[in-house]
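Q: Need coordinates for the following:
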Amino acid sequence: MQFRNTIIVLVLLLIVGGYIYFFQAGKPEEQTQKLFNLKADDITGLVLKYPDQEIEVNRTGGGWRLVKPINTEADAAAISTLTHEIADAGIKRTVDDHPASLAPFGLDKPGVTVVVSTKDKTLPGVEVGKNAPIGYSVYIKKTDSPAVLLTSGGFGPGTKRTVSDLRDHTLMSFKPDEVSKLVIKQDDGEPVELDKQQGVWKIVNPAKYKADAERISTLLSSLSNARIDDFTSDKPANLAQYGLDKPSLQVSVFSGPAQARQSLEFGKKESGANKDDYYVRRGEKPNVYTVHNYVFVDADKGLNDLRDRTVLAFDSDQVEGVKVTGGGKSFTVARGAGGKWTETDGTRSPADPVKVRQFIDRFHDLKAETIAQDSSANLEKFGLNSPNEEVTFQGKGGRILGTVKLARIERRNENDKSAPARVDYYALSSTGPTVYRIFEYDYTDLIKTPEELAAPKPTAAPSARPTSK
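A: From the prediction side, this is the model:
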């Protein structure tokens, strides 16, 4: 019995294989014939008819618009990909001119029917069936012909699009260089307002400060490049379920000559495992979307995040002398005749000009991690009443260009004596009362001894060897 069943299975496989060979492998491919005799740019309209819905997009001026099942802007990149797949599709071969049944090809119930329109006419629809059992191909049939055709396997998946796939995923449309005003409001806090004046960003509210141009540029680039992950609701009945009745973060940008406003409100994070999106809403629109976590992180900036974190602003080229004190050391390096640097720590010895320049530039480029305090009160808690190092930069004639104090302080957990101490690093400059917290690597690189700036000592010439007579 088992042997007979095996024979039956083999016979069936031979029949199926012969069918495939006869209808596919046995016929030459017609590589030059195109499914549609047109270019992607010729397409002015598309209808994708699925068993459960119909999607229609039309070209409007220089762009595309969804008109079914909703009326909204379409995603230009997604439509471009789709129109090129349609225009480039070719007919590999005719499988059957008059099939007795369409079911074997999946064409009795097509997965999708594609209807293409140009400015002059609407072309016969193309019904998409199953993937062919051999080769990278899919069965298709035109609505005005009974013949079953084979086209590239990419055509089938390429035409299976959702409304979300074809909608415009642009979150905010502005050019970062054209933004002249930025307002950020965190929770119930006071808004932080920034203006760009003569190409320079400044904080104007709640107080006047220099702004960090690099962080502002990163924030604006992140918002302008952000994409909508998902279209949650076009007509939300209850914003509270998304945390958008009281947004945790609101960002408004004003751009162009008319200072057109675009605002973005962040709600709560999506619930559930592996969720990393935030609910958002454009202040000018009712729709609720989701965006990736990084958009929130880049935009969630407060006053101290946006302030200029330069510890000491000075011109490196104007420095003629550097005095270093603290930690039981005191020495000075000064530029002398011919631009040579000399180090004084009780004796006069040459300093390495490259190391000195690097030391000066490190202070010039020093950016704080954050602002710890905006006054000079209670400096002892930052170790700045007795700093580990104090560096003063002098210009010509001994003119003081600025001073920076550096401190390292350990903080122990009073509730857990066994826990390791947390170490923080701080800086205070002569330009104001602001206390900056700096990175450990900056602090370590800025603490110098006289030996670390000294010029390398010349190596002694080897003594002459006695010659044998």
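Q: how long is stretch 248-267 from one end to the other?
A: Using CA to CA, to the nearest Å, one end of stretch 248-267 lies 6 Å from the other.
Q: let me fix that: stretch 403-419
A: 35 Å.
Q: any idea how far it is from the chain center?
A: Stretch 403-419 sits 35 Å away from the centroid of its parent chain (CA atoms, centre = their mean, to the nearest Å).
Q: next one: stretch 199-209
A: 26 Å.
Q: Just the CA trace of it, in PDB.
A: The C-alpha atoms that make up stretch 199-209 are tabulated as PDB, following Å, rounded to 0.1, in the frame of the first residue of the first chain:
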ATOM      1  CA  GLY A 199      22.600  85.300  11.600                       C
ATOM      2  CA  VAL A 200      23.300  84.900  15.300                       C
ATOM      3  CA  TRP A 201      21.000  83.000  17.600                       C
ATOM      4  CA  LYS A 202      20.100  84.600  21.000                       C
ATOM      5  CA  ILE A 203      17.800  83.700  23.800                       C
ATOM      6  CA  VAL A 204      15.400  86.500  24.500                       C
ATOM      7  CA  ASN A 205      13.000  85.000  27.000                       C
ATOM      8  CA  PRO A 206      12.800  84.300  30.000                       C
ATOM      9  CA  ALA A 207      16.200  86.200  30.100                       C
ATOM     10  CA  LYS A 208      18.800  87.300  27.600                       C
ATOM     11  CA  TYR A 209      21.700  84.900  26.900                       C
END
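Q: give me the element Ser222 is part of.
A: helix 213-225 (DSSP states H and E).
Q: Quick check: buried residues in that helix?
A: Arg215, Ile216, Leu219, Leu220, Ser222, Leu223, Ser224 (16 or more other CB atoms under 10 Å). (C-beta placed from N, C-alpha, C; glycine too.)
Q: Can you lay out those as CSV showing distance to Leu35 and pLDDT?
A: Formatted as CSV, the buried residues of helix 213-225 follow (distance: CB to CB, whole Å; pLDDT from 0 to 100):
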residue, distance to Leu35, pLDDT
Arg215, 51, 94
Ile216, 50, 97
Leu219, 47, 97
Leu220, 44, 97
Ser222, 41, 96
Leu223, 41, 97
Ser224, 38, 96
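Q: and the helix holding Ser222, what does it pack onto?
A: strand 179-186, strand 200-205, strand 249-255, helix 293-299, helix 303-306 (3 or more CB pairs under 8 Å, 6 or more residues apart in numbering; DSSP states H and E).
Q: Next SSE downstream of it?
A: strand 230-233.
Q: isn't Gly302 right up against Asp187?
A: No: applying CB atoms under 8 Å as the test, Gly302 and Asp187 come out as separate, 10.0 Å apart.
Q: Which of those two has more residues huddled nearby?
A: Set Gly302 next to Asp187 and count neighbours by other CB atoms under 10 Å: Gly302 wins out with 14 against 10.
Q: Against Ile203, how distant is that one?
A: Using CB to CB, to the nearest Å, Gly302 is found at 11 Å from Ile203.
Q: Find residues that contact each of the two.
A: Residues within reach of Gly302 and of Ile203 at once, by CB atoms under 8 Å, 6 or more residues apart in numbering, are Val192.
Q: Return the per-residue confidence for Val9.
A: Looking at Val9, its pLDDT is 41.
Q: just Thr347 next, same as before
A: 71.
Q: Spit out the contact partners of it.
A: Neighbours of Thr347 in contact, by CB under 8 Å, 6+ apart: none.
Q: Tell me how many other residues crowd the closest residue to Gln373 other than its chain neighbours.
A: Spatial nearest neighbour of Gln373, chain neighbours left out: Val435 (4.1 Å); criterion: CB to CB, 6 or more residues apart in numbering. Val435 has 24 neighbours, counted by other CB under 10 Å.
Q: Okay, Val435 and Asp374: tell me how far apart.
A: 8 Å.
Q: Equivalent analysis for Glu380, please.
A: For Glu380 relative to Asp374 (CB to CB), the value is 17 Å.
Q: between the two, who's got more neighbours?
A: Neighbours per residue (other CB under 10 Å) separate Glu380 from Asp374, with Asp374 holding more: 15 against 11.
Q: That one reaches Arg307, doesn't it?
A: No: using CB under 8 Å, Asp374 is not in contact with Arg307, being 9.2 Å away.
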